[in-house]
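**Student:** using only what follows, build the 3D model:
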Amino acid sequence: MNGPDHWTERDAQAFARGAALFARGEWWEAHEAWEAPWLRAAGPDRAFLQALILLAAALHKRWHHGSLTHRNYHKATRYLDTLPPVYAGVDLARLRAGVWDALHDPALRPAVCPALSPGRPEGAGQGRGAG
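**Tutor:** Now for the predicted structure:
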């Protein structure tokens, strides 16, 4: 594995499915979608998927369990810090900021990879969601 361009078809589909679920606020389901590729991943791919899983868990715990701690968010940032600014087509600074904002506002739905939504302008799905 080396990002979605080099992943198996199954892992690329799981990544895309998880990204779509994440953008809809189905964070636990996104976490589950990314778990199988994460188990097979190594190196930067593993760090990337681990960060996504932790970000999804942070949002799930915040809005489904009322957790005011952001432990999983801070764990995720340690993984994100090991990666280049853009990894697998995802602007990691933008993702980090979007998740941080969403931890404080339940109406926000950060997107993992806006490019996964054909026909939508860059950044669509970020900020206040319609869903």
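
**Student:** all helices of the chain, in order?
**Tutor:** Using DSSP state H, the helices found in the chain span residues 9-23, 27-40, 43-65, 71-80, 92-102.

**Student:** for V112, which of those is the nearest?
**Tutor:** helix 9-23 (4.1 Å; C-beta to C-beta). Every residue, glycine included, has its C-beta placed from N, CA and C.

**Student:** could you tell me the angle between the closest one and helix 43-65?
**Tutor:** On the basis of axes from the mean of the first three to the mean of the last three C-alpha atoms, to 10 degrees, helix 9-23 is oriented at 30 degrees to helix 43-65.

**Student:** next, count neighbours for A76.
**Tutor:** A total of 24 residues lie near A76 under the criterion other C-beta atoms under 10 Å.

**Student:** that one reaches L55, doesn't it?
**Tutor:** Yes - here A76 reaches L55: they are 4.8 Å apart, a contact under C-beta atoms under 8 Å.

**Student:** which neighbours do those two have in common?
**Tutor:** Common neighbours of A76 and L55, using C-beta atoms under 8 Å, 6 or more residues apart in numbering, are V99.

**Student:** okay, the helices of the chain in a markdown table with mean pLDDT and distance to A111 next?
**Tutor:** Output for these, formatted as a markdown table (pLDDT from 0 to 100; distance: least, C-beta to C-beta, whole Å):
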| stretch | mean pLDDT | distance to A111 |
| --- | --- | --- |
| helix 9-23 | 93 | 5 |
| helix 27-40 | 96 | 11 |
| helix 43-65 | 93 | 12 |
| helix 71-80 | 96 | 15 |
| helix 92-102 | 94 | 7 |
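
**Student:** perfect, I'm done here.
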